[in-house]
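> Here is a sequence with its predicted model. Questions after.
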Amino acid sequence: MGKSLYQHTGKLTSFILRRDRIRIPIWFIAIIGFVIAVAYVFENAYGEHGEREAMAETMKNPAMIAMVGKGYGIDDYTIGAMMAHQMLLFTAIAVAIMSILFVVRHTRADEEAGRIELIRSFPTGRLANLSATIIVAFGMNILLAILLGGSLAALQIESMDLVGSLIFGAAIGITGMIFTAITAVFVQLSESSRGATGYAFLVLIMAYLIRAIGDVGNEAVSWISPLGWVLESQAYVENNLGPLLLTLAVALLLTGLAFYLYAIRDLEAGFLPSRPGRKHASFMLQGPFGLLLRIQRTGLIAWAIGMFIFGVSYGSIMGDLESFFAENEMFQQMITPEAGFTLTEQFITMLMSVLAMLGTIPVLMAVLKLVGEERKGRTEHILARVVSRFRLLFSGLLIALLASFFMLSLSGIGLWSAGNAVVDGGMDFGRIYAAAMIYLPAVWVMIGIAVVLIGFLPRLTSLIWVYLIYSFLVVYMGGLFDFPSWMEKLTAFGHIPQIPVDEMDYMKVITMTLIAIVLIGIGCIGYRKRDIEG
């Protein structure tokens, strides 16, 4: 009986690996490549002891502690200690996101699409699909931990020895494993992929916030958060294995709970009771706009809150920037000095470009939802009624345009509200808000490119994410790595005037807006003429 529950787990494991044969390497290359690049930058920018001491003093700021974690080895701030302090938390969050999306994709999302029912119709064990998903997810994180640790050790940076690098990699991998387990539990509790994803991301956000509160105030509070556990590993400083073993033990316990819940629940059911809907649809739900907005409501609200928090986080460090920049060679390379403007004002322009690109993520997710619904076979049911293709596409487009406005607005308001409290003399709201909203045309161009892909190449819509990553690298890191200026001009964000340093260039803004309109128009033509996937 025991064997029958897991029958054909190996075949399903191979099938999952085949399905994600492109996604997994992309995640690995992006995560490992970025961490290695940062380590290389740290080694070159902070080669002198005095430079590292200046950075260490800045990192003692409560706002910085809340953002990146409590500094271990701050008294002897080696490159290794700097890497663990400033990169471990954010890399762990990236791997947690990877694991959450992976587990939901191969469990609850497949269940919703009817694939699990099809698999179960063959002589396949009841627990085989979940087992295969967990095996691949755990294997991914273990392999990532080994590759990341080995890559960092191979750099042969003085303070980054093999043991510390492996602890760093293990902390990242075990973070992915515990969020794999957390997501697997929520997959059983929720009856939808959106619900499972939402609950898992809520735990991730709460883990980050609880850790931040604990690191700034009471250290005992940080032990409530799994992110606090992995940071206690103190890679390159104390190299504590105990907190990682604790995290791994909890991950295995949660995995066992997920298997138990999966074994006793009905297919396509969840343990959390669903709220009964209305007997009659509201006015908003009687059209595609209201339907698409309702489907994405939770995610958009979560991103809106997140963008405000990002803005507040960046704004809270504005008070100490002038003294920090004066002694920091790396940031002096990233920011080209402009006469008549403080380094803080110049730094705001760089922050706004980063916030704008972060805010583009939910915007693109909103418009690409059309492709996701199409692949699940739901679009046909809508178009079979009195809904035209143009109306459906315009509904998704309108949500994306509204989201772009709110995401940029909230990030700018968040940055001003925190910065105004810590900067001597305060900050001008109009200038900060304008610095954020000036990026709207660039976000609209990104929407236009996404619509063109939806209209002509729906199977290649993931290319828009590659373009966004490229934009981030050349705009944010271009000055540091001395990228040629033409590389920045290949991105939509490289043509935006950097307010308040640059003068407002209405011609550029109008041109970018017209380009976005043309791209959207071309995409609409393609969408109206192509076949709908079913």
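The structure has been received and is ready for your questions.
> Could you use CA atoms for every contact and neighbour count after this?
Fine.
> Ala132 contacts Gly10, doesn't it?
Yes. Counting by C-alpha atoms under 8 Å, Ala132 touches Gly10, with 7.0 Å between them.
> can you pull the contacts of Ile31?
Applying C-alpha atoms under 8 Å, 6 or more residues apart in numbering to Ile31 gives the contacts 91, 94-95.
> Mind doing that once more with 10 Å?
25, 91-92, 94-95, 144, 148 (C-alpha atoms under 10 Å, 6 or more residues apart in numbering).
> ok so, going back, more neighbours, Ala132 and Gly10?
Legend: neighbour count by other C-alpha atoms under 10 Å for Ala132 and Gly10, higher for Ala132 (24 against 15).
> Could you check which helix or strand contains that one?
Following DSSP states H and E, one finds Ala132 within helix 128-154.
> quick one: average pLDDT of that helix?
Computed over helix 128-154, the mean pLDDT rounds to 95.
> Who are the packing partners of it?
If you count contacts as 3 or more C-alpha pairs under 10 Å, 6 or more residues apart in numbering; DSSP states H and E, helix 128-154 packs onto helix 2-5, helix 9-19, helix 23-45, helix 79-106, helix 115-120, helix 162-189, helix 242-264.
> Go through the fifth one and flag the buried ones.
Neighbour counts over helix 115-120 (16 or more other C-alpha atoms under 10 Å) mark 116, 119 as buried.
> what's the closest of the helices and strands packed on helix 128-154 to Phe310?
Of all the helices and strands packed on helix 128-154, helix 79-106 sits nearest to Phe310, with 13.2 Å by C-alpha to C-alpha.
> Show me which positions of the closest one end up buried.
The neighbour-count check on helix 79-106 (16+ other C-alpha under 10 Å) flags 79-104, 106 as buried.
> In CSV, list the C-alpha atoms belonging to the next helix or strand after it.
Moving toward the C-terminus from helix 79-106, the next helix or strand (DSSP H and E) is helix 108-112. Extracted C-alpha coordinates of helix 108-112, given in CSV (Å, rounded to 0.1, in the frame of the first residue of the first chain):
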residue,chain,number,x,y,z
ARG,A,108,-2.3,23.6,-7.1
ALA,A,109,-2.0,25.3,-10.5
ASP,A,110,-1.9,21.9,-12.2
GLU,A,111,-4.8,20.8,-10.1
GLU,A,112,-6.9,23.8,-11.2
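> tell me what helix 108-112 is packed against?
With contacts taken as 3+ C-alpha pairs under 10 Å, 6+ apart, helix 108-112 sits against helix 79-106, helix 115-120, helix 162-189, helix 193-216.
> can you redo those as CSV with distance to Phe259 and mean pLDDT?
Listed next are the helices and strands packed on helix 108-112 as CSV, based on distance: least, C-alpha to C-alpha, whole Å; pLDDT from 0 to 100:
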stretch, distance to Phe259, mean pLDDT
helix 79-106, 13, 92
helix 115-120, 16, 85
helix 162-189, 8, 95
helix 193-216, 16, 86
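> and these as TSV, adding distance to Ser404?
Output for the helices and strands packed on helix 108-112, formatted as TSV (distance: least, C-alpha to C-alpha, whole Å):
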stretch	distance to Ser404
helix 79-106	22
helix 115-120	34
helix 162-189	29
helix 193-216	21
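> Indicate which one of those helices is closest to Gln346.
helix 79-106 (22.5 Å).
> Please compute how far the closest one lies from its chain's middle.
Distance of helix 79-106 from the chain centroid (C-alpha atoms, centre = their mean, to the nearest Å) equals 10 Å.
> Would you map out the domains in this protein?
The record's domain parsing of the chain by automatic domain parsing lists 1-273, 284-534.
> quick one: which of those domains has the weakest pLDDT on average?
domain 284-534 (a mean of 82).
> quick check, distance from stretch 23-31 to the centre of its chain.
Put simply, stretch 23-31 sits 14 Å off its chain's centre (C-alpha atoms, centre = their mean).
> swap that for stretch 53-62, sorry
Averaging C-alpha positions (C-alpha atoms, centre = their mean) puts stretch 53-62 26 Å from its chain's average.
> what does stretch 151-169 give?
Worked out by C-alpha atoms, centre = their mean, stretch 151-169 lies 25 Å from the chain centre.
> From the contacts of Ile31, pick the one nearest Thr298.
Nearest to Thr298 among these: Ala94, at 20.6 Å, using C-alpha to C-alpha.
> what's the spacing between that closest one and Thr175?
10 Å (C-alpha to C-alpha, to the nearest Å).
> Equivalent analysis for Phe168, please.
Distance, Phe168 to Thr175, by C-alpha to C-alpha: 11 Å.
> Now list whatever residues contact both of the two.
Shared contacts of Phe168 and Thr175, counting by C-alpha under 10 Å, 6+ apart, come down to 92, 230.
> ok, Val386 - how many residues close by?
Neighbours of Val386 (other C-alpha under 10 Å): 9.
> Contacts only, for it.
By C-alpha under 10 Å, 6+ apart, the neighbours of Val386 are Gly287.
> How is it assigned, secondary-structure-wise?
Here Val386 is coil, with the state taken from DSSP: H, G, I helix; E, B strand; the rest coil.
> so what's the spatially closest residue to Ala56 that is not a sequence neighbour up against?
Leaving out its chain neighbours, the residue that sits closest to Ala56 by C-alpha to C-alpha, 6 or more residues apart in numbering is Ile74, at 5.8 Å. Applying C-alpha under 10 Å, 6+ apart, we find Ile74 in contact with 52-53, 55-57, 59-60, 81-82, 85, 237.
> Closest one of those residues to Arg378?
Among the contacts of Ile74, His85 lies closest to Arg378 (C-alpha to C-alpha), at 45.7 Å.
> got a list of what that closest one touches?
If you count contacts by C-alpha under 10 Å, 6+ apart, His85 has them with 59, 65, 68-74, 77, 79, 231, 234-236.
> Which residues does whatever helix or strand Leu514 lives in contact?
Per DSSP H and E, Leu514 falls inside helix 506-529. Helix 506-529 has contacts (C-alpha under 10 Å, 6+ apart) with 388-390, 393-394, 397, 438-458, 492-493, 495-497.
> quick one on the thing from earlier: okay if I get the helices and strands packed on helix 128-154 as JSON lines plus distance to Phe429?
Shown next, in JSON lines, are the helices and strands packed on helix 128-154 (distance: least, C-alpha to C-alpha, whole Å):
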{"stretch": "helix 2-5", "distance to Phe429": "61"}
{"stretch": "helix 9-19", "distance to Phe429": "48"}
{"stretch": "helix 23-45", "distance to Phe429": "33"}
{"stretch": "helix 79-106", "distance to Phe429": "29"}
{"stretch": "helix 115-120", "distance to Phe429": "52"}
{"stretch": "helix 162-189", "distance to Phe429": "39"}
{"stretch": "helix 242-264", "distance to Phe429": "44"}
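> looking at the ones you listed, which is buried most?
The highest mean neighbour count among those, using mean count of other C-alpha atoms under 10 Å, belongs to helix 162-189: a mean of 27.
> What helices and strands are in contact with that one?
Under the contact rule (3+ C-alpha pairs under 10 Å, 6+ apart), helix 162-189 is packed against helix 79-106, helix 108-112, helix 128-154, helix 193-216, helix 226-231, helix 242-264.
> Cool, thanks, signing off.
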